[in-house]
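Q: The following block contains a protein sequence and its predicted model.
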Amino acid sequence: MKRTLNRETARRLTELSDEQIRTRLDTMTEADLRYWLGNFGSWAHEGQLPPQGSWRTWLMLAGRGYGKTRAGSEWVADLLLAGPARVALVAATIDEARAIMVEGEAGLLAALRKRRKRFLWEPSLRQLRIRNGSVATLYSGENPDGLRGGTHHYAWCDELAKWAKPQESWDNLQMSLRAGLEPRALVTTTPRSLSMLVQMRAAETTVTTGGKTVDNVVLEDAFQTAMQDMYGGTRLGRQELEGVLFEDAEGALCSRALLDRARSERVPDLVRVVVAVDPPASASGDACGIMVVGLGQDRRGYVLADATVSGLSPLGWAAAVSRAARHWSADRVVAEVNNGGDMVTALLRQVDPALPVKAVHAVRGKSARAEPVAGLYEQGRVSHLEAFPELEDQLCGMLIGGGYQGPGRSPDRAGASRRPTSCMGQPSCTCSTCLPWTIQHRPCRGC
């Protein structure tokens with residue numbers, strides 16, 4: 001192409017096949033290429049454009065490099081300029097929201113600059129303002145309470161599958177989407193084995209679009225080839241490159257179907273109740289896993305309650321442990337002391353001197369400790385008193401041989417629910433103190 005592209009020529013490019021577009025790209029001048037890339041509508045795939053009709057949630061499940069961020073920023077830019085509108089921008093962390101959704105190469109500032117529109121970006125306030133009164137505010141998927149109180153017309157949620165607290169953050173966001181006649185949310189994410197993504201996709205008010213990494217014609221051919229050579233045909237490749245949402249992670253210790261079979265509507269008389277605690281390293285770290293489990297007279301194990309808390313001081317989560325123990329009349333509180341040592345038991349006894357605390361040290365990783373308990377699930381010897389979505393997502397994210405592909409940084413709930421299978425330095429112990437619901441009681445020296 002000898003001359004700079006005009007709008008009509010750019011539009012006609014959309015009628016070409018991907019291969020024909022790649023051939024044209026090789027002949028474009030630098031000015032042509034800048035114009036074409038700046039005109040998102042001239043090359044965007046149908047899955048990157050807002051769906052027609054009535055919907056509340058637009059779920060864009062796509063492979064890496066598909067162009068999810070660009071699609072999100074273009075959609076939000078149009079909404080802000082058509083405003084006034086209030087838009088929530090939610091990422092895994094505030095830093096990621098700023099670096100990717102706003103200031104990134106394909107972020108919101110770039111989309112507004114291409115439209116030659118003026119704006120005021122105030123990083124300290126986490127707000128982007130437009131002259132017409134529109135405002136976009138940054139939020140974090142690790143701080144659900146930050147989404148309380150406000151009202152929004154629209155929301156853009158990026159990489160929801162990696163949020164630390166996806167369900168709670170999403171619920172608070174939904175309650176804030178009540179401004180205007182038709183509030184809507186766009187979720188751009190690479191698929192991950194999360195039950196809430198499966199449920200979101202199945203909802204009648206959700207429209208799902210997406211595509212594969214290879215659909216992005218502006219990615220370098222060398223990158224496309226390298227990704228296909230390394231991951232083509234694998235489960236990881238299908239998830240990360242092709243955007244396929246699997247309900248169960250490959251090599252997971254537990255499956256959704258297995259946990260569905262573990263539901264129980266009633267609990268028999270219990271011979272023992274234990275509150276298991278997986279303390280966080282700090283108040284700003286992972287949640288404090290607090291699970292209540294019991295052993296029935298029928299020699300079956302029962303998960304009774306999930307009392308997990310997050311964002312609390314050490315005294316705060318210790319008080320939560322005490323409340324759970326008193327509510328369920330627990331015979332024992334089993335606390336892992338790898339993080340905190342004697343301080344953990346001291347805190348618990350400071351809050352409640354009568355608390356029957358048992359300190360244990362984990363000598364193996366959480367997935368390794370969980371493997372014997374997974375066997376009890378497979379044998380049908382463990383039941384859940386009700387559905388525990390956050391716990392079950394974590395259980396299904398723990399992998400055989402180690403590794404974790406569930407929500408958040410750590411399986412804190414699963415770590416508590418599967419209390420260490422070691423006690424007093426004996427890795428083989430599965431006694432009722434260390435693993436309160438175990439059926440095969442092999443006491444160790446310390447028990």
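A: The structure has been received and is ready for your questions.
Q: can you list the weak-confidence ranges in the stretch 301-447 of the chain?
A: Applying pLDDT under 70 to the stretch 301-447 of the chain picks out residues 338-341, 361-375, 399-447.
Q: As a check, name the ranges of all strands in it.
A: For the stretch 301-447 of the chain, the strands defined by DSSP state E, counting those that start in this stretch cover 301-306, 332-336, 357-360, 382-384.
Q: Can you redo these as TSV, where the extra columns are distance to residue 98 and mean neighbour count?
A: The way it works is simple: take the backbone N, C-alpha and C, and place the C-beta from them, glycine included. Below are the strands of the stretch 301-447 of the chain laid out as TSV (distance: least, C-beta to C-beta, whole Å; neighbours: other C-beta atoms under 10 Å):
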stretch	distance to residue 98	mean neighbour count
strand 301-306	33	22
strand 332-336	35	23
strand 357-360	41	19
strand 382-384	39	22
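Q: Ok, which of those comes nearest residue 93?
A: strand 301-306 (24.4 Å; C-beta to C-beta).
Q: neighbouring strands for that closest one, and are they parallel or not?
A: Paired with strand 301-306 in the same sheet, following DSSP bridges, are strand 289-296 (antiparallel), strand 382-384 (parallel).
Q: which of those strands is buried the deepest?
A: Most buried of the strands paired with strand 301-306 by mean neighbour count (mean count of other C-beta atoms under 10 Å) is strand 289-296; its value is a mean of 25.
Q: can you list the domains in the protein?
A: Using automatic domain parsing, the domain parsing of the chain gives 44-240, 256-417.
Q: just to revisit the earlier point, pick out the shakiest of the strands paired with strand 301-306, pLDDT-wise.
A: When the strands paired with strand 301-306 are ranked by mean pLDDT, strand 382-384 comes last with a mean of 86.
Q: ok, and what's touching that one?
A: Outside of strand 382-384, the residues within contact range by C-beta atoms under 8 Å, 6 or more residues apart in numbering are 259, 262-264, 300-303, 373, 376, 392, 437.
Q: Report the buried members of those.
A: Among the contacts of strand 382-384, those classed as buried by 16 or more other C-beta atoms under 10 Å are 259, 262, 300-303, 373, 376, 392, 437.
Q: Export those residues to CSV and append columns for distance to residue 319.
A: Compiled in CSV, those are given as follows (distance: C-beta to C-beta, whole Å):
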residue, distance to residue 319
259, 30
262, 30
300, 31
301, 27
302, 25
303, 22
373, 28
376, 31
392, 26
437, 25
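Q: which two from those residues end up farthest apart in space?
A: 300 and 392 (18.2 Å).
Q: before we move on, back to that, can you put the domains of the chain in JSON lines and add distance to residue 23?
A: Formatted as JSON lines, the domains of the chain follow (distance: least, C-beta to C-beta, whole Å):
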{"stretch": "domain 44-240", "distance to residue 23": "10"}
{"stretch": "domain 256-417", "distance to residue 23": "39"}
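Q: Tell me, how many residues neighbour the closest residue to residue 131 other than its chain neighbours?
A: In space, residue 131 comes closest to residue 118 once its chain neighbours are excluded; the distance is 6.2 Å by C-beta to C-beta, 6 or more residues apart in numbering. As a burial measure, residue 118 scores 9 neighbours (other C-beta atoms under 10 Å).
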